[in-house]
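Trainee: I would like the atomic coordinates for the input below:
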Amino acid sequence: MPKQEYPETIVGSSMRIEGELKSAGNIKIDGVVSGKVHTSADLLVGNNAQVDADLIAANAVIAGVVKGNVTVKESLKILETGKVIGNISCARLGISEGAYFSGACRMIEVKAEAEPEE
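Mentor: Predicted coordinates for the structure are as follows:
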C-alpha cells in the first residue's frame with residue numbers, strides 16, 4: 001500500500017461483514033464481506049478473502065475473490081491469486097499471470113498537469 005504503511009481497518013479471516021464498510025483510511029480484508037466497501041485511501045483484499053461487494057478506493061490490490069464492480073481512482077493490481085468477477089474502472093491496471101478477470105474494463109484518463117507558462 002503506497003501511501004500509508006499499515007491498514008487502519010482490518011477485517012480478519014474469522015470475520016463476516018454484511019452491509020456498508022466506509023473508511024477514510026486504509027482497509028485490509030482477509031474475511032468475508034458482502035455489500036459495499038468504500039475508502040478514500042488504499043484497499044487490500046487478502047488471499048483468503050471472499051468479497052461480494054462493490055469496491056471504491058484510491059488504490060487497490062486484490063489477491064482474493066471479488067464479485068462486484070471495482071472503482072479505483074488510481075492504481076489497481078490483481079495478483080496471481082486474485083479473482084475479479086465484475087466491471088473495473090481505474091487509471092492504471094496490472095493483472096498478474098494466473099489472475100482471473102471476467103467483466104468490462106474502463107480506463108480513466110489521467111490528466112497531465114499543465115506546464116507553467118513563462
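
Trainee: just grab the bridge partners of the nearest residue to residue 20 once chain neighbours are set aside for me.
Mentor: In space, and not counting its chain neighbours, residue 20 is closest to residue 36: 4.7 Å by Cβ to Cβ, 6 or more residues apart in numbering. In this view, the C-beta of every residue, glycine as well, is placed from N, C-alpha and C. Under the criterion DSSP bridges, residue 36 forms beta bridges with residue 20, residue 54.

Trainee: quick one, what contacts residue 36?
Mentor: By Cβ atoms under 8 Å, 6 or more residues apart in numbering, the residues touching residue 36 are 19-21, 53-54, 56.

Trainee: same list, those, but as CSV with distance to residue 71 please.
Mentor: Listed next are the contacts of residue 36 as CSV, based on distance: Cβ to Cβ, whole Å:
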residue, distance to residue 71
19, 18
20, 15
21, 15
53, 12
54, 8
56, 5
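
Trainee: that older thread, separation between the residue nearest to residue 20 and residue 78?
Mentor: 20 Å (Cβ to Cβ, to the nearest Å).

Trainee: same question, residue 98
Mentor: Noted for residue 98: a distance of 10 Å to residue 78, by Cβ to Cβ.
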